[in-house]
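>>> Dropping a prediction and its sequence here:
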Amino acid sequence: MYAISLGDDGAELRPLEPWHAEEFLAHLDRGRDFVTEHIPFGAAATDVGSAGEILQSYADKRAADGGSLHGLWLEGKLVGGVLFRVFDAAGGTCEVGCWLEPAGTGRGLVTRAMRVLIDWAIDERGIQRVEWYASSANIPSINVARRLGMSRDGVLRRRFLHRGVRQDTEVWSVLAPEWRAARAQDARDDH
């Protein structure tokens, strides 16, 4: 379908589809504790069948234009992904998110991939507001929101129960005019 190079380190952004169930499960098994430290994503994938069900749920979202899942491959190995958890073209909003196994961290993969997704959402689909939700304890996720130029809208206190503990959720966002202005400034700075 597509493979978008994210740089010269062998990183690619590709669709993550139901037929990737075995690879998806192996990836989650390699990094399960790390991946689920702050988010439950993938916790229900305990065998190939349940991994396929998660991937199919996002394939169904994509078909309904309500979300999508994209894998991050590093040197041919699935190490994480980015997603439109919610996509509402008619309303002009979407929520993006990510996950990584330890082998994918510290390389800027999520930031690079998220720029591709946000560019597409704003430029091709007319999205006006891109949202990012993260546990206040998930500092790497909050740092990605900052690197993307998002603004912290606020904190939803004790919103999310995870591993038996009520978590605060930070809401970050970027608006289409802000994204375009920052991208134009980056292009000027590169010249």
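That came through fine.

>>> Quick one: residues contacting the closest residue in space to I54 that isn't next to it in sequence.
Counting by Cβ to Cβ, 6 or more residues apart in numbering, A45 is the residue found nearest to I54 once chain neighbours are left out, at 5.4 Å. The way it works is simple: take the backbone N, C-alpha and C, and place the C-beta from them, glycine included. Each residue near A45 by Cβ atoms under 8 Å, 6 or more residues apart in numbering is listed here: 24-25, 28, 51, 53-54.

>>> Using neighbour counts, give me the buried entries of these.
Among these, those classed as buried by 16 or more other Cβ atoms under 10 Å are 24-25, 28, 51, 54.

>>> Nearest to G164 among the residues you listed?
Proximity of the buried ones among the contacts of A45 to G164 was ranked by Cβ to Cβ; the top entry is L28 with 21.0 Å.

>>> Okay, and that closest one sits in which element?
For L28, the host element (DSSP states H and E) is helix 21-35.

>>> Show me what that helix is packed up against.
Helices and strands touching helix 21-35, by 3 or more Cβ pairs under 8 Å, 6 or more residues apart in numbering; DSSP states H and E, are helix 48-63, strand 77-88, strand 93-100.

>>> Kindly calculate the angle that the longest one makes with strand 77-88.
This points to helix 48-63. If you take axes from the mean of the first three to the mean of the last three Cα atoms, to 10 degrees, helix 48-63 sits at 40 degrees to strand 77-88.

>>> Point out the other helices and strands that the helix or strand of the chain with the lowest mean pLDDT packs with.
The helix or strand of the chain with the lowest confidence, counting by mean pLDDT, DSSP states H and E, is helix 176-190 at a mean of 88. If you count contacts as 3+ Cβ pairs under 8 Å, 6+ apart, helix 176-190 packs onto helix 109-123.

>>> Do I have it right that S135 meets H38?
Yes - here S135 reaches H38: they are 4.6 Å apart, a contact under Cβ atoms under 8 Å.

>>> between these two, what contacts are shared?
With Cβ under 8 Å, 6+ apart, S135 and H38 have common neighbours 141, 162, 167.

>>> Who wins on neighbours among these?
S141 (22 neighbours; other Cβ atoms under 10 Å).

>>> Check pLDDT for the shared contacts of S135 and H38 and point me to the minimum.
Taken together, the shared contacts of S135 and H38 show their lowest pLDDT at H162, with 82.
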